[in-house]
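**Q** no FASTA, just this:
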């Protein structure tokens, strides 16, 4: 199988999982993001057949590497929420800037405690 | 079956129009330039390619009298690709699997702790000022990777566009303050630093962690993946 064939196989696997996730969410009326279900299906598939990871990697790498550009249309939509953003500017600033810094410190500290408890035992 | 493939039909129709090809071309070109600028500035988090692209394309929309809704319609292909891209996140997750097995439940507990602390503090801040409920709900998803955050936000009645912005800025802030914060709390363990960066700062934090060391980057990827999946599973179940 050539490069193009591997790439195509990877894409088919990704799209199959994506639509299977969507079909499950619609069919069973699940309160879950469809793409998350697709992610879990693909993860299960990779674990069952690890040989398939090369094909998936070839299709997935450009998507993962340049995911940023895929958000452009969605982020552009923020322009429509200028008024509420201005109204709550201070609390949004605290929520996004200050609590992020605090959470980062707390998480690092908690993690180092949890991991240290393991080192202490061994 | 109809509902399943319906969006794709519209996406193809919109893309294959003059406006569609034009704005897709402009967006991709600007993004390519933004990546160059980001690299030239030594990957400074503040010059994230997404922010640069949004600002420049936004200016082009304004100059050409194009509405945001019109742009979102014709450039719908990019938005549609987010679905498959989210599914593709299974790959880095799969690559981290051995690491989870090696380090065991402690890492998952640590990530879960961060995954609860970050949204809780952010939500409290907008809750005390009685901000609109949609805005409060959106805050709950601010620390997980953008595609999962947007999908989960939509399910619980938040605002996906705001989620995308909150998430990106959270990542940028996390990456920028990480050095000072880690010194302040006196954590120099690369495992702990990586878990914190990935769990709280998702992909942008992970990019920063990769600059610190390979090990820090691997731990951050783990935090990004595990927290993204746990939060996107739990929050819709609790609030949808």
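**A** Sure, I can see it. Everything quoted here is computed from the prediction, not taken from an experiment.
**Q** what residues are up against residue B:135?
**A** A:84, A:88, B:126, B:158, B:159, B:162 (C-beta atoms under 8 Å, 6 or more residues apart in numbering or on different chains). C-beta: built from backbone N, CA, C; applies to glycine.
**Q** most neighbours among those, please name it.
**A** residue B:162 (27 neighbours; other C-beta atoms under 10 Å in any protein chain shown).
**Q** and that one, how close does it get to residue B:110?
**A** Separation of residue B:162 from residue B:110 (C-beta to C-beta, to the nearest Å) stands at 28 Å.
**Q** ok, back up a step: closest one to residue B:133 out of the contacts of residue B:135, please.
**A** Set against residue B:133, the nearest of the contacts of residue B:135 by C-beta to C-beta is residue B:158 (8.7 Å).
**Q** got the contact list for that closest one?
**A** Taking C-beta under 8 Å, 6+ apart, we find residue B:158 in contact with B:134, B:135, B:137, B:138, B:140, B:141.
**Q** try it again with 10 Å
**A** Listed by C-beta atoms under 10 Å, 6 or more residues apart in numbering or on different chains, the contact partners of residue B:158 are B:133-141, B:149-150, B:152, B:166, B:235, B:239.
**Q** tell me how far residue B:208 lies from chain A.
**A** Distance, residue B:208 to chain A, by C-beta to the nearest C-beta, to the nearest Å: 11 Å.
**Q** how about the helix or strand where that residue lies: buried residues?
**A** For residue B:208, the enclosing helix or strand under DSSP states H and E is helix B:190-212. Buried positions in helix B:190-212, judged by neighbour count with 16 or more other C-beta atoms under 10 Å in any protein chain shown: B:190-210, B:212.
**Q** what of stretch A:12-27?
**A** For stretch A:12-27, the buried set under the neighbour-count rule, 16+ other C-beta under 10 Å, comprises A:13, A:14, A:17, A:18, A:19, A:20, A:21, A:22, A:23, A:24, A:25.
**Q** now stretch A:46-65
**A** Neighbour-count burial for stretch A:46-65, counted by 16+ other C-beta under 10 Å, picks out A:46, A:53, A:55, A:56, A:57, A:58, A:59, A:60, A:63.
**Q** repeat for stretch A:85-100
**A** Under the neighbour-count criterion of 16+ other C-beta under 10 Å, stretch A:85-100 has A:88, A:91, A:92, A:94, A:95, A:96, A:97, A:99, A:100 buried.
**Q** which helix or strand lies directly C-terminal to the strand or helix carrying residue B:114?
**A** Using DSSP H and E, residue B:114 sits in helix B:105-128. Using DSSP H and E, the helix or strand that follows helix B:105-128 towards the C-terminus is helix B:133-139.
**Q** if you count neighbours, what's buried in that next one?
**A** Residues of helix B:133-139 classed as buried: B:135, B:136, B:137, B:138, B:139 (neighbour count, 16+ other C-beta under 10 Å).
**Q** sorry, back to before: which among the buried residues of stretch A:46-65 are in contact with chain B?
**A** A:46, A:53, A:56, A:57, A:59, A:60, A:63 (C-beta under 10 Å from any C-beta of the partner chain).
**Q** mind putting those into a markdown table with pLDDT and distance to residue B:27?
**A** Below are those laid out as a markdown table (pLDDT from 0 to 100; distance: C-beta to C-beta, whole Å):
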| residue | pLDDT | distance to residue B:27 |
| --- | --- | --- |
| A:46 | 92 | 31 |
| A:53 | 85 | 31 |
| A:56 | 89 | 26 |
| A:57 | 89 | 26 |
| A:59 | 89 | 22 |
| A:60 | 89 | 21 |
| A:63 | 86 | 16 |
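**Q** please flag which of those sit within helices.
**A** The helices, defined by DSSP state H, take in A:46, A:53, A:56, A:57, A:59, A:60, A:63 from those.
**Q** circling back to that earlier point, keep the buried residues of stretch A:12-27, but drop any that are not near chain B.
**A** Of the residues in these, proximity to chain B by C-beta under 10 Å from any C-beta holds for A:13, A:14, A:17, A:18, A:19, A:20, A:21, A:22, A:23, A:25.
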